[in-house]
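Chemist: Next one to model:
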Amino acid sequence: GYAGSRAGMKSVLGVFELSADGTKAIGPDRLVFDGHPVNTTTEGPKFYKRNGYYYILCPAGGVKPGWQLALRSKNVYGPYEEKRVLAQGKSEFNGPHQGAWVDTPDGKQDWFFHFQDLYAYGRAVLLQPMKWVNDWPVMGEDKDGDGCGTPVATYKKPNVGKTYPICTPVESDEFNDNTLGLQWQWQANQNPLWYFPAGDKGYLRLFAWNLIGDAKNLWDAPNLLLQKIPAPNYSATTKLTFSPYKVGERAGLVVMGQDYATITIENIEKGLVLSQANCKGAYKGKPEIVNASLPVSQSTVYLRMEMKQTKAENNEKIQELKANCTFSYSLDGKKFTPFGSSFVAYEGKWIGAKIGIFCQRPQPLNDSGYADFDWFRVEALVMQAFEKTEFIRKQKFNDYIKEACKAAMIDNIESITRTVGGKLITETMQKYELVSSHTCRRSFCTNMYLRGLDTMMIRSISGHKTENSFLKYIKVSQQQHAEMMAKKWSE
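Modeler: Purely as a prediction, here's the structure:
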């Protein structure tokens, strides 16, 4: 494939022959597919052979609004037939493409990896079921039978012969090791003079380092220690002790992308100050704008950034995710004070925005100040769905409660069997999708009953008119009744 940004040409694919060991080309590059004008931006191809066909699987249509294209031919050099095999349709997954066909170890199940560009939140990797129909791959669910699937939100996991526990990537770091955690990545090739991992003492020391060459801001700063955005709604808090060497040095938190924002402690002529700054158009060399500054008399501070997700349809008719950031500080680690201006994170170049820490000086010297980062802690924010003050209709309430449960990671896969047209149908769904106002009401009634609250009081809230209808409504097992009785007898 050819990227227009580097080759000066795009939307075409080529094939050339490699040596048997795959180390060098031994034949000319020949174009085998031209995507103009319908399947533009064809790139990132994967090459397969199956049932006598050569297949090229590639994205088309652009990163965010595009689709997955499949090409096939009996001859490696074509001509190739083309077919759109996966597209957003009515799903929430824009641009489901640029992936790869994989199968289970026993070869009995086919699956398709692809990404979804989530703007500042980066590119999420998704897994879709896949099947072969008339020697064409079909990914996701093809409800209308046209051969082009739609991504699924939930599905039964692949059978890999073993059950694995649910796990998530590491984000927080207590800095108790003598090496950096795998969640961290430097903005550029690392220099050992940038940091000292003092795990035996419980901190990570970042040395102040200066911008290089014509760099105007942190966009070109190599010594930013960053990690990917870990969740839609979360807070990132760090405790640091600042020991400057010269005026102009600073250390703190950064939300990094083509635009960025910081909250820092800085050494100026008059002493230490807290600062919050935004940099709009950082990749164009624009300067930082300081939104707030506050003198402080201590060198140990707690800095926090909170990120909350919202959605809005953009001019491409895509529900664009917005990563809304606010900042705060604390001098005791208990009371946090809002500080500075809000900021909407912006993605980097072909990557999402990142969060992290840094320590900077204005120019090279014969030594450096430093900041000792005691810890960096990421915590989920789960109350976003309840930040509503207006009257909420029942259906909207059901939407909001699902949103809250999803943020709280109530996402175990549940099998639901129901009758449709006289037939039993079994579906798999994530647990938060099953939560509704009815779930809340029944859970409240049951939990209050088990706590021994008088049923008349519970019914005054739930609206049950009779004791009998209430007792039929709650979900209490015989075992729970027995435990309640035993507890009463022991009082």
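Chemist: Tyr48 - nearest residue in space that isn't next to it in sequence?
Modeler: For Tyr48, ignoring the flanking residues on the chain, the nearest one in space by Cβ to Cβ, 6 or more residues apart in numbering is Tyr55 at 4.3 Å. Any C-beta I mention is one placed from the backbone N, CA and C, and that applies to glycine too.
Chemist: Report the rounded mean pLDDT for whatever helix or strand the one you found lives in.
Modeler: According to DSSP states H and E, Tyr55 maps onto strand 53-60. Mean pLDDT, strand 53-60: 96.
Chemist: how about it as CSV, C-alpha atoms only?
Modeler: This file holds the C-alpha atoms of strand 53-60, laid out as CSV (Å, rounded to 0.1, in the frame of the first residue of the first chain):
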residue,chain,number,x,y,z
TYR,A,53,-7.8,-17.6,-4.2
TYR,A,54,-5.3,-14.9,-3.3
TYR,A,55,-6.9,-12.4,-1.0
ILE,A,56,-6.0,-8.9,-0.1
LEU,A,57,-7.8,-7.5,2.9
CYS,A,58,-7.4,-3.7,3.3
PRO,A,59,-9.2,-0.6,4.6
ALA,A,60,-10.8,1.9,2.3
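Chemist: any idea which helix or strand comes after it?
Modeler: Next helix or strand after strand 53-60 toward the C-terminus (DSSP H and E): strand 67-73.
Chemist: Can you give the strand pairings for that next one, parallel or anti for each?
Modeler: strand 53-60 (antiparallel), strand 81-86 (antiparallel) (DSSP bridges).
Chemist: ok so, going back, I'd assumed Val76 was in contact with the residue nearest to Tyr48.
Modeler: No - with contact defined as Cβ atoms under 8 Å, Tyr55 does not count as touching Val76 (10.7 Å).
Chemist: coming back round to it: could you say which one of the strands paired with strand 67-73 comes nearest to Pro37?
Modeler: Pro37 sits nearest to strand 53-60 of all these, at 11.4 Å, using Cβ to Cβ.
Chemist: got a pLDDT number for Asp144?
Modeler: On the pLDDT scale, Asp144 is placed at 92.
Chemist: I misspoke; the intended subject was Val382.
Modeler: pLDDT for Val382: 69.
Chemist: got it, and Phe386?
Modeler: We note a pLDDT of 44 for Phe386 in this prediction.
Chemist: about what we covered before: list the residues that contact the residue nearest to Tyr48.
Modeler: The contact partners of Tyr55, taken as Cβ atoms under 8 Å, 6 or more residues apart in numbering, are Phe47, Tyr48, Lys49, Ala70, Leu71, Arg72, Pro137.
Chemist: From those, keep the buried residues only.
Modeler: With burial judged by 16 or more other Cβ atoms under 10 Å, the buried subset of the contacts of Tyr55 is Ala70, Leu71, Arg72, Pro137.
Chemist: quick one, what contacts the first one?
Modeler: Right, the one you point to is Ala70. By Cβ under 8 Å, 6+ apart, the neighbours of Ala70 are Tyr55, Ile56, Leu57, Glu82, Lys83, Arg84, Val85, Trp136, Pro137.
Chemist: Who wins on neighbours among those residues?
Modeler: Counting neighbours by other Cβ atoms under 10 Å, Leu57 leads those with 25 neighbours.
Chemist: That one pairs with what?
Modeler: Lys46, Ala70.
Chemist: so what's it up against?
Modeler: Leu57 neighbours (Cβ under 8 Å, 6+ apart): Pro45, Lys46, Tyr48, Gln68, Leu69, Ala70, Leu71, Gly99, Ala100, Trp101, Pro137.
Chemist: and which of the residues you listed is nearest Ala408?
Modeler: Comparing the contacts of Leu57 against Ala408 with Cβ to Cβ places Gly99 closest, at 29.3 Å.
Chemist: tell me the SS of Ala404?
Modeler: helix (DSSP: H, G, I helix; E, B strand; the rest coil).
Chemist: Near it, how many residues? Count them for me, please.
Modeler: For Ala404, the count of nearby residues is 17 (other Cβ under 10 Å).
Chemist: One more: Ala486?
Modeler: Using other Cβ under 10 Å, Ala486 is surrounded by 9 other residues.
Chemist: before we move on, back to that, what's the most distant pair in the buried ones among the contacts of Tyr55?
Modeler: Checking the buried ones among the contacts of Tyr55 with Cβ to Cβ, the most distant pair is Leu71 and Pro137, at 10.9 Å.
Chemist: where's the closest residue to Pro79 other than its chain neighbours relative to Asp34, distance?
Modeler: Nearest non-adjacent residue to Pro79, counting by Cβ to Cβ, 6+ apart: Ser73, 6.3 Å away. Taking Cβ to Cβ, to the nearest Å as the measure, Ser73 falls 14 Å from Asp34.
Chemist: Check Phe175 too.
Modeler: 53 Å.
Chemist: From one end of stretch 140-157 to the other, what's the distance?
Modeler: Length of stretch 140-157, first residue to last, Cα to Cα, to the nearest Å: 13 Å.
Chemist: same question but for stretch 365-374, I mixed them up
Modeler: One end of stretch 365-374 sits 26 Å from the other (Cα to Cα).
Chemist: Please list all residues in contact with Ile351.
Modeler: Applying Cβ under 8 Å, 6+ apart, we find Ile351 in contact with Gly122, Arg123.
Chemist: Next: Arg361.
Modeler: Ala208, Trp209, Asn210, Tyr245, Lys246, Gly248, Glu249, Ser368, Gly369.
Chemist: Can you select the buried ones from those in ChimeraX?
Modeler: Listed next is the ChimeraX selection for buried residues among the contacts of Arg361, using 16+ other Cβ under 10 Å:
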select :208,209,210,245,248,249,368,369
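Chemist: which residue ranges form the helices in the stretch 351-491 of the chain?
Modeler: Here the stretch 351-491 of the chain has its helices, by DSSP state H, counting those that start in this stretch, at 394-407, 437-450, 455-462, 467-473, 478-490.
Chemist: Turn those helices into a markdown table, columns for mean pLDDT and distance to Ala277.
Modeler: Below are the helices of the stretch 351-491 of the chain laid out as a markdown table (pLDDT from 0 to 100; distance: least, Cβ to Cβ, whole Å):
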| stretch | mean pLDDT | distance to Ala277 |
| --- | --- | --- |
| helix 394-407 | 78 | 29 |
| helix 437-450 | 86 | 43 |
| helix 455-462 | 85 | 49 |
| helix 467-473 | 85 | 56 |
| helix 478-490 | 76 | 56 |
